[in-house]
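Asks: need coordinates for the following:
(chains A and B)
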Protein chains: 2
Amino acid sequence: MEFRVLHRESRTAARVGQLQTAHGVINTPTFMPVGTHASVKGISPQELREVGAQMILANAYHLYLRPGHKLIHELGGLHQFMSWDGPILTDSGGYQVMSLAENCTVTEDGAEFKSHLDGSVHHVTPERSMEIQEALGADVAMAFDECLAFPASREAVEPSVRRTTAWAQRCRDVHRRPNQALFGIVQGAHYPDLRQKSAREIVSIGFDGYAIGGVSVGEGKPLMYEMVEHATAELPASSPRYLMGVGLPEDLVECVARGVDLFDCVAPTRHGRTGWLYTATGRIQIKNAKHVHEEEPIDAACTCYTCQNFSRAYLRHLFMSRELFGLRLNTIHNLHTLTQLMREISEAINRDHLNEFRGAFYARRGITLSGNAETVGSTSGHPAFRRTLEVPV
Amino acid sequence: MEFRVLHRESRTAARVGQLQTAHGVINTPTFMPVGTHASVKGISPQELREVGAQMILANAYHLYLRPGHKLIHELGGLHQFMSWDGPILTDSGGYQVMSLAENCTVTEDGAEFKSHLDGSVHHVTPERSMEIQEALGADVAMAFDECLAFPASREAVEPSVRRTTAWAQRCRDVHRRPNQALFGIVQGAHYPDLRQKSAREIVSIGFDGYAIGGVSVGEGKPLMYEMVEHATAELPASSPRYLMGVGLPEDLVECVARGVDLFDCVAPTRHGRTGWLYTATGRIQIKNAKHVHEEEPIDAACTCYTCQNFSRAYLRHLFMSRELFGLRLNTIHNLHTLTQLMREISEAINRDHLNEFRGAFYARRGITLSGNAETVGSTSGHPAFRRTLEVPV
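Replies: Numbers count the residues shown, from 1 in each chain, chains lettered A, B, ... in the order given. You can find the predicted model right below:
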């Protein structure tokens, strides 16, 4: 896997690049839709292309439990199984083991847990995670890490960071699959020095790319952005950087400016299924009565299939009638909006105009950035972030 | 609306024709997918075209209650509302009022009932049904009829047939919308003489087409086919004939042979959502363990999007994981199978080979037709029909 930075923004840490994978080249920064069970909920591979998705994420934990990584391997791997011939990244399962599974016990060796599906007992180690991800055959595999719930005490985070580093080394040692990149994951919760320490240790092992994990777990946006800054400061400029589980529109703007290249999040798909639709001026909830008579599309400027063909009134009707097609149309729109946003961000970076873009982004939402809007790094704690947190996921 | 019979099969009552509607010409016989709430569950208008759907059905009762026929009218009518520019037929609501609504009271004037959504009280008359359907603006509206549950006593059916005729006359009298055809509906439950009487009365009023209603309500296939024969015997050969709520593969074969041109049924879509998939040799239930490892598509000969891109193993995985995309892929396949079957039936009619086609259809399913297989009209009560009834809906 090769990563080339094509342009660095002059006044922020943002960059535009290209990531070469076994299934094609992707332009960064980019947002990866989440296909937990080898399917982006409700969306076809063809539609993923149409909404501008370049790379998708699937989940090793879920696919290991059902239908099983061996079955997928036997059927030709994840790409063939789900009929998506573009790049795929698999999450290692660390996050799911600790958030979804029952009775999870973490030891130095790995994690023992009960399946959330049938209560069966499983033991996943770094070596086992690599075996699972190699069988799935994604273009990018992730190291097996420990992700703590927020807030975690310093006493809990310190050994956890040590463990994550040790596990990362074991992943690196056993990973063999050719044409599959391996990314390390930086942890450290909300402790700046531990984020720094974790980043340095993971970088010293040496990976094809570096992820920032354990964010967006309830710490709030200001703290999250601050941790992103502490981590990216330690990551090599020549490697791709991936912020895990983050992907609201404002998060993309803010974290690209902090040097992140890759994002994934269930937000646009889950928001779509729950009726929250993204527009240039903010989010709307399609079930609200004010949309009953609206002939216009979700966003008049949007070129997605949904906005080109259907009114808000129709989408509201589908939502109120619990029609499957509505979930799909909403999801198409939200995904398209994020990929379009990423294209606009990339253009702004290429023109060294990211701060101006960012100001206009908030202005369209009726949010005036006070203070030094030109320095993205100074915005932590700004009321804008509290305002943009008000949408339930 | 114009209907032209292009070819009559020499040994059955089947015919191939063309129906000219305000939104284009359709080739008959044809199957209409059901879009109850102005959406064929999970399927886009574009996919409806791709699966070969020519005309779809929407439901006046459901759309009257939600979002309201006036809103749809205000938004440009049903075609524009749902972004489907092909022909649409609206069901009058008679069947739903009597099967879905609560506390339904039928008088000579019409039906009073409580909404199944919110308990609100509504009064629908033939005149009101015409007003609703004219506002929706489908290409074909249906007369408001009374549909009885099975089994209905002769004492209940006789006044009901009289009422259906009186209502049909009132619908005919008030229907005004240009470019909207109006079909009458034959009732009469499972009484041959009452089917004949109803058909004669409805025909004497004069409609653009004739439907057979009140079938597939639990009477069983032999009785249903017999009632279709009694009704079609009385219907003018020059008008389109529509069998309401019927649409399993074997029903299409049998009832086209009895002179029916149009069908609608929730079966292919509902079967798709419940994992029952149609193949040339019968139905499969995708959740069965035997499909876990199957690399092949649902049907190797099928050219639908699902069969061209996805294995049974993947479809089973999606079904077991309750993934939305699986419901859609299954539905696409079943709809495509029915429209493809209709094309094959039409070819067989054009070649005067429908009985041979019918024999081969059952042979592929391992069903040998004993008796006089050449006379379709003689098959009522054949064990084949009981065998093909075993799929739960």
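Asks: make it CA atoms for all contacts and neighbour counts henceforth
Replies: OK.
Asks: quick one: A:Asp118 from A:Ala101, how far?
Replies: Going from A:Asp118 to A:Ala101 by CA to CA, to the nearest Å gives 10 Å.
Asks: what residues does the stretch 51-200 of chain A put near chain B?
Replies: A:66-67, A:71, A:75, A:81-83 (CA under 8 Å from any CA of the partner chain).
Asks: redo those residues as a markdown table? Include distance to A:Val292 and neighbour count.
Replies: As requested, these are exported to a markdown table (distance: CA to CA, whole Å; neighbours: other CA atoms under 10 Å in any protein chain shown):
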| residue | distance to A:Val292 | neighbour count |
| --- | --- | --- |
| A:Arg66 | 41 | 17 |
| A:Pro67 | 42 | 21 |
| A:Leu71 | 47 | 20 |
| A:Leu75 | 46 | 19 |
| A:Phe81 | 40 | 23 |
| A:Met82 | 37 | 22 |
| A:Ser83 | 38 | 19 |
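Asks: find me the pLDDT at the residue nearest to A:Asn27 when sequence neighbours are not counted, would you?
Replies: Closest residue to A:Asn27 apart from its sequence neighbours, by CA to CA, 6 or more residues apart in numbering or on different chains: A:Gln18 at 4.7 Å. At A:Gln18, the model reports a pLDDT of 98.
Asks: parallel or antiparallel, which strands does the host helix or strand of A:Gln18 pair with?
Replies: Using DSSP states H and E, A:Gln18 maps to strand A:15-21. In the sheet, strand A:15-21 lines up against strand A:2-8 (antiparallel), strand A:24-28 (antiparallel) (DSSP bridges).
Asks: where's the nearest residue to A:Glu294 once chain neighbours are set aside relative to A:His293, distance?
Replies: Nearest residue to A:Glu294 in three dimensions, chain neighbours excluded: A:Ala313, at 5.0 Å (CA to CA, 6+ apart). Here A:Ala313 is placed at a distance of 5 Å from A:His293 (CA to CA).
Asks: do A:His175 as well
Replies: 56 Å.
Asks: could you do A:Pro87 as well?
Replies: 41 Å.
Asks: re earlier: of the strands paired with strand A:15-21, flag the one that's most buried.
Replies: Ranked by mean neighbour count, the strands paired with strand A:15-21 are led by strand A:24-28 with a mean of 19 (mean count of other CA atoms under 10 Å in any protein chain shown).
Asks: number of residues surrounding the residue in the stretch 101-250 of chain A that chain B sits nearest to?
Replies: When scored by CA to the nearest CA, the stretch 101-250 of chain A has A:Leu117 as its residue closest to chain B, at 10.1 Å. Residues contacting A:Leu117 under the criterion other CA atoms under 10 Å in any protein chain shown number 12.
Asks: dump the strands paired with strand A:15-21 to CSV, plus mean pLDDT.
Replies: Shown next, in CSV, are the strands paired with strand A:15-21 (pLDDT from 0 to 100):
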stretch, mean pLDDT
strand A:2-8, 98
strand A:24-28, 98
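Asks: could you give the bridge partners of A:Ile212?
Replies: On the basis of DSSP bridges, A:Ile212 is bridged to A:Val186, A:Leu243.
Asks: name the SS class of the residue of chain A positioned farthest from its centre, please.
Replies: Centroid-distance maximum for chain A: A:His293 at 35.1 Å, with CA atoms, centre = their mean. Of the three states, A:His293 takes coil according to DSSP: H, G, I helix; E, B strand; the rest coil.
Asks: need phi/psi at it.
Replies: phi -100, psi 0 (degrees, to the nearest 10).
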